[in-house]
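# pasting the sequence and the predicted coordinates here, then a few questions.
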Amino acid sequence: MFEHVFAVVAVRDIDTARDWYERLFDRRADNNPMPGLVEWQVAPGAWVQVTVDPQRAGSSMFNVAVADLELFVDTARTRGVNFSDIADANKGVRLSTVSDPDGNSITAIGSFREHY
């Protein structure tokens, strides 16, 4: 079975992206294995890799489930990560989305459950 899963986010400029993702995750990258690639471990065995890939930049997306959506969104906004207003989705799930400087989409999910 898998030991790790990586969400890969394509960007044009690694320095701009690193700054923005440090504000999103509220910490420096956990790893910088090579020029043009930085990584954050976001859960055991789960990583977000931000890498330079101009042809794919702006077409990446990933979702994060958080315990308290309002608190997460409000706190991110204080760091300049401007999530959208929270919207009701379905079956009690709520969503808020933000785009990074390249237009990649990150959606925060509140009231996530493994089974519906």
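That came through, no problem. Residues are numbered from 1 along each chain as shown.
# pretty sure T107 contacts L95?
Yes: counting by Cβ atoms under 8 Å, T107 touches L95, with 5.6 Å between them. To be clear about C-beta, it is placed using only N, CA and C from the backbone, and glycine gets the same treatment.
# neighbour-wise, which of those two wins?
Neighbours per residue (other Cβ atoms under 10 Å) separate T107 from L95, with L95 holding more: 20 against 16.
# in the helix or strand containing the more buried one, which residues are buried?
Using DSSP states H and E, the secondary-structure element containing L95 is strand 94-99. Counting neighbours by 16 or more other Cβ atoms under 10 Å, one finds that the buried residues in strand 94-99 are R94, L95, S96, T97, V98.
# strand partners (parallel or antiparallel) of it?
Partner strands for strand 94-99, per DSSP bridges, with pairing direction: strand 87-88 (antiparallel), strand 105-110 (antiparallel).
# so which of the ones you listed gets nearest A17?
Nearest to A17 among the strands paired with strand 94-99 is strand 105-110; the distance by Cβ to Cβ comes to 12.1 Å.
# hey, where'd the helices end up in the protein?
For the chain, applying DSSP state H gives helices covering 14-25, 69-78.
# reformat the ones you listed as a markdown table; add distance to R113 and mean pLDDT.
Rendered in a markdown table, the data for these read as follows (distance: least, Cβ to Cβ, whole Å; pLDDT from 0 to 100):
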| stretch | distance to R113 | mean pLDDT |
| --- | --- | --- |
| helix 14-25 | 24 | 98 |
| helix 69-78 | 13 | 98 |
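# out of those, which one sits most buried?
Taking mean count of other Cβ atoms under 10 Å as the contact definition, the stretch among the helices of the chain with the greatest mean neighbour count is helix 14-25, which reaches a mean of 17.
# just checking, what packs against that one?
In this structure, helix 14-25 packs against strand 5-11, strand 37-43, strand 46-52, with contacts taken as 3 or more Cβ pairs under 8 Å, 6 or more residues apart in numbering; DSSP states H and E.
# quick one: residues in contact with the last one.
I take that to be strand 46-52. The contact list for strand 46-52, computed with Cβ atoms under 8 Å, 6 or more residues apart in numbering, reads 4-14, 17-18, 21, 25, 29-30, 36-42, 62.
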